Structures are given as structure tokens and as C-alpha cells.
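Peer 1: Below are the sequence and a predicted model for it; my questions follow.
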Amino acid sequence: PMVIVDNILYIGDGYQIHQVLDGTYTANALDLITTERIRCLASFLGGSTYYLVAGTIIDDNVNKSTVYRWNTWSSSWSIGDDIEEVGVNAFIPTDNYLLASCGFNSNIYSYDGMVLSLINQIPGDYTNVNYTTINPNAVAYFQGKPLFGISRGASATGDPTEEGVYSYATSNASLYPRILNLEYVISQNKTVNVEIGAIAQLGNLIFVSWKEDTNYGVDVLDMANRYSGAYLESRVIFADRSIPEVYSKISVGYVELPEDTEIKIYTKENYADSWTEQTTITDTIRQIVYTDNKVDCFAYEVKIGLTCSGTSTPIVDDIQIKISETQS
């Protein structure tokens, strides 16, 4: 791994960090613990000082790794934070702070220069043979969005979640939470057995290197090309089991619903294994697509699917789920 911090190039090599300044190479500018291997490097701004941050791994069988912070001139690192995960996979650049991917289970941590704090996980069915990783260079910060490539783990035999380029973004961090989103699917149109090697940006272009089975290549992502079949899912919605309640209406408000595009509504009741597509009605006056199917259950999930046509796609601005109490 390599990173530039304050115009100096730093290179991770085993447990050592070398540097290049104005064309001069210096070996072993910093030594870490000899049993650890540097997996990823990043720049971190703390106050008015730029720090070098290093994430390590021991091996795939040891649930311990460390994030080190170094001011780049002292003889040793400033702060180290241990975490019970198999490796720090990658640092994800974000405006004014740093995210880190750690371990096999798509856990995302926030790093404040002192400690790591778990903030999210990409949902999936993780086991000892179905797990993921993020390669150290498969990250970017593009158009205000932190991007990272989720890959099948090196020795994994299955896929616990959909693989591709994800974002963890918001339009305004002070008003809205960050949302995990599978932003881009590789040109093979596959989301299993995929490895994202690296992500790079050039102006408004994003390049993604990928491998799928024995196929491999580099995609230049087209921002105008829409992925038909995009969807969003709610969390599990819990009703009070002691009170009879009915989910009576789901409505999806839209800004645009171009010709040959469609908004579909799916539901799950009481942890069903598969989604059920609901019959919908389109109200072009109020610009909503809705269903009036009444359901009495204690756990409810909703999925909104978008069918595109060429570069045209529905634009959704409102989703409502109505719950009403029944008469006992």
C-alpha cells in the first residue's frame, strides 16, 4: 500500500514503512510490531497536523488487528487502537473523517484519530465460508460520496451479500443519516463471485477494475446509464404484538414516471423467505403509486422496485406506510 501525506510518499512493506521525499528514498522510516503486516495506509487530518494512519493484519486466523497513527517525524507511532477483527482491510476516505473496513463481515468503522467505532454493516448471511473483503485500493471519494468495492473473500466459497461498488452517503450529514447503497454493478451484470481490485477517479469519470470467475477488466462507469431493477428495502417494521394492527396502505410518491418505466411494491410478512409483489394503482393527479392490500401481521417489510427504460428512470421522493389499529 502507498499514500501521499503532506507531499511525502509512504510505502507499506511488511511491518515497515518507507518514504520518498523530493526523490530521496528512506528505508524504515517507521517500524511497527514485527508480527503484523501493513495492509492499508491513509492520510488523516487532526487539527492542523496531517498524520499517517496504518491498518494492519496478522493473518487470516487471528482476530486481532491495529490502527496506528503517526505524526511522520517522531521515532515511533503516536497512538495504536487494537480491534478484535481479522485485519483492517481498507480506509475509506470521507470528508473531514475516515472510515475503515475491518474483518470478514463487511463491518464499517468510523476512525476519529484515536479509536475505531462500529457504525454499520452491509447486511448479509456471513459464515466461515461465506465472507467478504474490501481491497485496500478499492476505495474513492467521488461527488461527495465515499465509495468502496465489496469483494468475495479470498478463500470464501460463497457470497453472503451482493458484491460491487457501494456508497455510504448522504445529501446533508447534519440533517440526514448516511445510507448504504450498491451504487454500481460491474459490466458483467453480476453481483456474485466478484472481486473489485481498485477504484480510481479522473474528473467526473470513475474507473473500476474487476474480476468475475475467469473474466476480468476495467469499467468506466457511465453516470447517465440507469440500472434497471434497482430497489430499496425497509428495515423490519415491528408492530405491538399485544395490539391487533393492520398495515393498510403503501404509497410511493414520484417526481417523474417516464413512459415504459414502472414502480413496483413488494412485501414480506412475519419474516417470509421471499417477496410478494402487490397489485398497484397509479394516481397521476397526486403522482403516487399505491396498494390498498390490508395485512394483519407483527413484522412487516417493504421493497420498492424501479423498472427503467434506456436512460429514463422513475424518480421517487416519498414513501408512506400506513398502520391502523383494528377493533378487538
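Peer 2: Sure thing, it's come through.
Peer 1: Looking at residue 6 now. What's its pLDDT?
Peer 2: Looking at residue 6, its pLDDT is 89.
Peer 1: So that it lines up with my notes, have the first residue be 448 from now on.
Peer 2: With the count now opening at 448, the last piece we talked about shows up as residue 453.
Peer 1: Ignoring the adjacent residues along the chain, who's closest to it?
Peer 2: In this structure, residue 453 finds its nearest non-sequential neighbour in residue 497, 4.5 Å apart by C-beta to C-beta, 6 or more residues apart in numbering. From N, CA and C alone the C-beta is placed, and that goes for glycine too.
Peer 1: That neighbour and residue 452 touch, don't they?
Peer 2: Yes. At 5.3 Å, residue 497 counts as touching residue 452 under the criterion of C-beta atoms under 8 Å.
Peer 1: Comparing the two, which shows the higher neighbour count?
Peer 2: For residue 497 versus residue 452, neighbours defined as other C-beta atoms under 10 Å are more numerous around residue 452 (19 against 16).
Peer 1: Now do the same contact list for the more buried one.
Peer 2: 490, 497-499, 519 (C-beta atoms under 8 Å, 6 or more residues apart in numbering).
Peer 1: For it, list each beta-bridge partner.
Peer 2: residue 455 (DSSP bridges).
Peer 1: so what sits against both of residue 497 and residue 452?
Peer 2: Both residue 497 and residue 452 are in contact with 490, 519, where contact means C-beta under 8 Å, 6+ apart.
Peer 1: which residue ranges form the strands in the stretch 648-775 of the chain?
Peer 2: 652-659, 662-667, 677-680, 684-685, 692-703, 709-716, 723-724, 728-730, 735-738, 742-743, 746-754, 762-772 (DSSP state E, counting those that start in this stretch).
Peer 1: can you map out the strands along the stretch 498-647 of the chain?
Peer 2: So, for the stretch 498-647 of the chain - with DSSP E, counting those that start in this stretch - the strands run 512-517, 526-530, 535-541, 544-549, 554-558, 563-568, 579-580, 586-589, 592-599, 611-616, 626-631, 641-649.
Peer 1: can you redo those as a markdown table with distance to residue 734?
Peer 2: Putting these into a markdown table (distance: least, C-beta to C-beta, whole Å) gives the following:
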| stretch | distance to residue 734 |
| --- | --- |
| strand 512-517 | 48 |
| strand 526-530 | 47 |
| strand 535-541 | 35 |
| strand 544-549 | 36 |
| strand 554-558 | 35 |
| strand 563-568 | 32 |
| strand 579-580 | 39 |
| strand 586-589 | 31 |
| strand 592-599 | 27 |
| strand 611-616 | 26 |
| strand 626-631 | 23 |
| strand 641-649 | 35 |
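Peer 1: how about those strands in JSON lines, adding mean neighbour count?
Peer 2: JSON lines is the format used below for the strands of the stretch 498-647 of the chain (neighbours: other C-beta atoms under 10 Å):
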{"stretch": "strand 512-517", "mean neighbour count": "23"}
{"stretch": "strand 526-530", "mean neighbour count": "16"}
{"stretch": "strand 535-541", "mean neighbour count": "25"}
{"stretch": "strand 544-549", "mean neighbour count": "22"}
{"stretch": "strand 554-558", "mean neighbour count": "21"}
{"stretch": "strand 563-568", "mean neighbour count": "15"}
{"stretch": "strand 579-580", "mean neighbour count": "23"}
{"stretch": "strand 586-589", "mean neighbour count": "20"}
{"stretch": "strand 592-599", "mean neighbour count": "24"}
{"stretch": "strand 611-616", "mean neighbour count": "22"}
{"stretch": "strand 626-631", "mean neighbour count": "16"}
{"stretch": "strand 641-649", "mean neighbour count": "18"}
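Peer 1: Make JSON lines out of those strands and add mean pLDDT and distance to residue 762.
Peer 2: Formatted as JSON lines, the strands of the stretch 498-647 of the chain follow (pLDDT from 0 to 100; distance: least, C-beta to C-beta, whole Å):
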{"stretch": "strand 512-517", "mean pLDDT": "96", "distance to residue 762": "40"}
{"stretch": "strand 526-530", "mean pLDDT": "93", "distance to residue 762": "40"}
{"stretch": "strand 535-541", "mean pLDDT": "94", "distance to residue 762": "26"}
{"stretch": "strand 544-549", "mean pLDDT": "92", "distance to residue 762": "28"}
{"stretch": "strand 554-558", "mean pLDDT": "95", "distance to residue 762": "28"}
{"stretch": "strand 563-568", "mean pLDDT": "94", "distance to residue 762": "26"}
{"stretch": "strand 579-580", "mean pLDDT": "95", "distance to residue 762": "31"}
{"stretch": "strand 586-589", "mean pLDDT": "93", "distance to residue 762": "21"}
{"stretch": "strand 592-599", "mean pLDDT": "95", "distance to residue 762": "18"}
{"stretch": "strand 611-616", "mean pLDDT": "93", "distance to residue 762": "17"}
{"stretch": "strand 626-631", "mean pLDDT": "91", "distance to residue 762": "15"}
{"stretch": "strand 641-649", "mean pLDDT": "94", "distance to residue 762": "25"}
